[in-house]
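Participant: Sequence and predicted structure, then a few things I'm wondering about:
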Amino acid sequence: MNICIVGTGYVGLVAAACLAEMGNDVVCIDVNPDIIDNLKAGNIHIFEPGLEPLVARNVEEGRLRFSTDLAEGMDEALFVFSCVGTPSNPDGSCDLSYVDEVATQIGRLISDYKIIINKSTVPVGTADRVNEIIQSQVKQRGVTVEFDVVSNPEFLKEGDAVNDFLKPDRVIVGTDNVRTAKLLETLYAPFARSRDKMIVMGIRSAEMTKYAANCMLATKISFMNEVANICETVGADVREVRAGIGSDRRIGYHFIYPGVGYGGSCFPKDVRALIDTAKAYGCTPSLVEAVDAVNNRQKGMLAEKIKKHFQEKGGVEGKTIALWGLAFKANTDDMRESAALDVIQSLTDAGMTVKAYDPVAGGNARKILQDNASVTVMDNQYDPVDGADALAVVTDWNQFRNPDFNRIKKMLKEPVIFDGRNLFSRSFMKDMGFSYISIGRQP
Ligand code: UGA
């Protein structure tokens, strides 16, 4: 099948590579010529495990091409995927300018039947809006062309996106057109072999499913962060509580890890966008608002613990914190809405110095933090620890799970570890002679 994918971000590039992998002919479009030139030269601008060899193989075998020219991409395509960014406006609403621009361009170019597939995360009603934009462009041109706009939200996790695309839990297709649904079933058959995995529904339900899924997951995390904070005060241990409640299959173990607050390009933005949409329609999204508020508070929690510790010991001014983990989670170099940024801001505002390390986000971090003279990003995991007053772990990278504690102890001025991800055992830390302050557990 011939496919055109607009957008070369996490969603667009992963979808393009995975669809090409199944034998389809895919042209991936981006307006940025540097990105396209780099992709043509085999350089991928995002860090995503497994993506580079997948792209390389499909380019080599001639199934995947890159271009800045949408007309070229649309020429033979039956399916046109819109995978462009939908960032937050300052008021929390979703910025649809890229989605609108793609729809306008499609409306100017379309000359035969196409299925326009909205994969970007967009507020309920956007497929109707895209339909109207294309329709009005077609009308202006005085031509008659048939097309369908479908909502097909993505459920990819950064760091595991290729796997999520190749082996999805479900494929949501929002359309009222039976013929279109059948064509999408054929397109997705190699990924969703079991019929149950393909869920066809109304367009607005599909758009809402994406927000409901992300907000549900964000709710689990905020709930668990609240439980963690209560555990600390009442003398309980949230790790034990998690095991206790997760064993109930109705609750499950996933997404109930407390920590430094959720970050990334999806949960914070989508939670705020759902609040905005709900209010625009006159609803009162009290629970989703609370999820957002709890998360904002949680992002400040680890820094508060660090400052409190040093205040009790005589003052925070001039102290140096070694910080492990800058990305919003493990296996990505993405720092969008990463809690590490909140921790760093809070500590340096209080007069502390931060020396940070991340296995892959160091380059991004240097750019983002270049105006903060109190932060240094280092290339080696143990360099920041040398001579620091304490170690703080912010991201759950595997390589932080079992580090050389003897070395850390020798390097730190004081054996103190602040663990924002509950990576270590309390009793082990005690045996090793560390003061150990984590989330939802007793010191
Ligand atoms: C999330 C969803 O998990 C995907 O299904 C969805 O497709 C994607 O958003 C999207 O809308 O594009 P992602 O943002 O890549 O994926 O990351 P997650 O693995 O969901 O983690 C989000 C944040 O929650 C991270 O900061 C993570 O550290 C935090 N988290 C996760 C917790 O604090 N506790 C948990 O138990 C799980």
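Facilitator: Arrived safely.
Participant: Next, the buried residues of the helix or strand hosting N58.
Facilitator: Under the criterion of DSSP states H and E, N58 resides in helix 51-60. Within helix 51-60, the residues that count as buried by 16 or more other CB atoms under 10 Å are L51, L54, V55, N58, V59. C-beta: built from backbone N, CA, C; applies to glycine.
Participant: Next, D169: phi, psi?
Facilitator: phi -70, psi -40 (degrees, to the nearest 10).
Participant: what do you get for the one 5 residues further on?
Facilitator: Here the main-chain torsion angles of G174 (degrees, to the nearest 10) amount to phi -100, psi 110.
Participant: pretty sure it contacts M208?
Facilitator: No - between G174 and M208 there is no contact under CB atoms under 8 Å: 9.1 Å.
Participant: Export the buried residues of helix 51-60 as CSV, with columns for pLDDT.
Facilitator: Shown next, in CSV, are the buried residues of helix 51-60 (pLDDT from 0 to 100):
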residue, pLDDT
L51, 96
L54, 97
V55, 97
N58, 97
V59, 97
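Participant: Output these in TSV, with distance to the ligand appended to each entry.
Facilitator: Below are the buried residues of helix 51-60 laid out as TSV (distance: CB to the nearest ligand atom, whole Å):
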residue	distance to the ligand
L51	14
L54	18
V55	19
N58	22
V59	25
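Participant: Would you mind naming what in the stretch 151-300 of the chain lies close to the ligand?
Facilitator: When proximity is defined by CB under 6 Å from any ligand atom, the stretch 151-300 of the chain lies next to the ligand at 154-158, 214, 217, 221, 255-257, 259, 262-264, 266-267.
Participant: Tell me which of these fall in helices.
Facilitator: Counting by DSSP state H, these place N214, L217, I221, F267 in helices.
Participant: May I ask which two of the residues you listed are separated the most?
Facilitator: For these, the maximum inter-member distance is 10.8 Å, found between N214 and I221 (CB to CB).
Participant: Which residues are in contact with each of the two?
Facilitator: Common contact partners of N214 and I221 (CB atoms under 8 Å, 6 or more residues apart in numbering): F267.
Participant: What segments of the stretch 251-400 of the chain are helices?
Facilitator: 267-280, 286-312, 339-349, 362-368 (DSSP state H, counting those that start in this stretch).
Participant: Can you list the low-confidence ranges for the stretch 51-200 of the chain?
Facilitator: Across the stretch 51-200 of the chain, the ranges flagged by pLDDT under 70 are 195.
Participant: mind listing the helices for it?
Facilitator: Applying DSSP H, counting those that start in this stretch to the stretch 51-200 of the chain gives helices spanning 51-60, 70-74, 97-109, 126-141, 161-166, 178-188.
Participant: on contacts alone, who are the packing partners of the longest one?
Facilitator: I take that to be helix 126-141. Packing contacts for helix 126-141, counted by 3 or more CB pairs under 8 Å, 6 or more residues apart in numbering; DSSP states H and E, involve helix 97-109, strand 114-118, strand 147-151, helix 203-234.
Participant: In contact with the residue lying farthest from the centre of the chain, which residues?
Facilitator: Within the chain, the residue lying farthest from the chain centre (CA atoms, centre = their mean) is G142, at 41.7 Å. Contact analysis of G142 by CB under 8 Å, 6+ apart lists nothing.
Participant: how close does it sit to the ligand?
Facilitator: Per CB to the nearest ligand atom, to the nearest Å, G142 is found 39 Å from the ligand.
Participant: Dump the helices and strands packed on helix 126-141 to TSV, plus mean neighbour count.
Facilitator: What follows is the helices and strands packed on helix 126-141, written out as TSV (neighbours: other CB atoms under 10 Å):
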stretch	mean neighbour count
helix 97-109	19
strand 114-118	24
strand 147-151	24
helix 203-234	19
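Participant: and of the ones you listed, who's closest to A361?
Facilitator: Nearest to A361, of all the helices and strands packed on helix 126-141, is helix 203-234, at 20.5 Å by CB to CB.
Participant: Show me how far stretch 63-78 is from its chain's centre.
Facilitator: In terms of CA atoms, centre = their mean, to the nearest Å, the centre of stretch 63-78 is found 27 Å from the chain centre.
Participant: Likewise for stretch 239-252?
Facilitator: Taking mean C-alpha positions (CA atoms, centre = their mean), stretch 239-252 and its chain are 25 Å apart.
Participant: first vs last residue of that stretch, how far apart are they?
Facilitator: 14 Å (CA to CA, to the nearest Å).
Participant: What's the local residue count around R193?
Facilitator: 11 (other CB atoms under 10 Å).
Participant: Show me this structure divided up by domain.
Facilitator: Per the record, the chain has its domains at 2-201, 236-437, by automatic domain parsing.
Participant: pLDDT on the longest one, on average?
Facilitator: Looking at domain 236-437 alone, the average pLDDT works out to 97.
Participant: For the remainder of this discussion, apply numbering that starts at 526.
Facilitator: Noted, 526 is the first residue going forward, which turns the last one into domain 761-962.
Participant: Skip the chain neighbours and tell me the closest residue to the residue of the stretch 576-725 of the chain found nearest the ligand.
Facilitator: Residue nearest to the ligand within the stretch 576-725 of the chain: E683 (3.5 Å; CB to the nearest ligand atom). Closest residue in space to E683, ignoring its immediate chain neighbours: T857 at 4.4 Å, by CB to CB, 6 or more residues apart in numbering.
Participant: residues in contact with the one you found?
Facilitator: Contacts for T857 (CB under 8 Å, 6+ apart) come out as F572, E573, E683, G684, V885, A886.
Participant: at 7 Å what do you get?
Facilitator: T857 makes contacts with F572, E683, G684, as judged by CB atoms under 7 Å, 6 or more residues apart in numbering.
Participant: re the thing from before, next one: phi and psi at the residue farthest from the centre of the chain?
Facilitator: Main-chain torsions, G667, degrees, to the nearest 10: phi 70, psi 30.
Participant: Around the residue of the stretch 826-968 of the chain found nearest the ligand, how many other residues sit close by?
Facilitator: Across the stretch 826-968 of the chain, the shortest distance to the ligand (CB to the nearest ligand atom) belongs to K854, at 3.7 Å. The tally of other residues near K854 (other CB under 10 Å) stands at 21.
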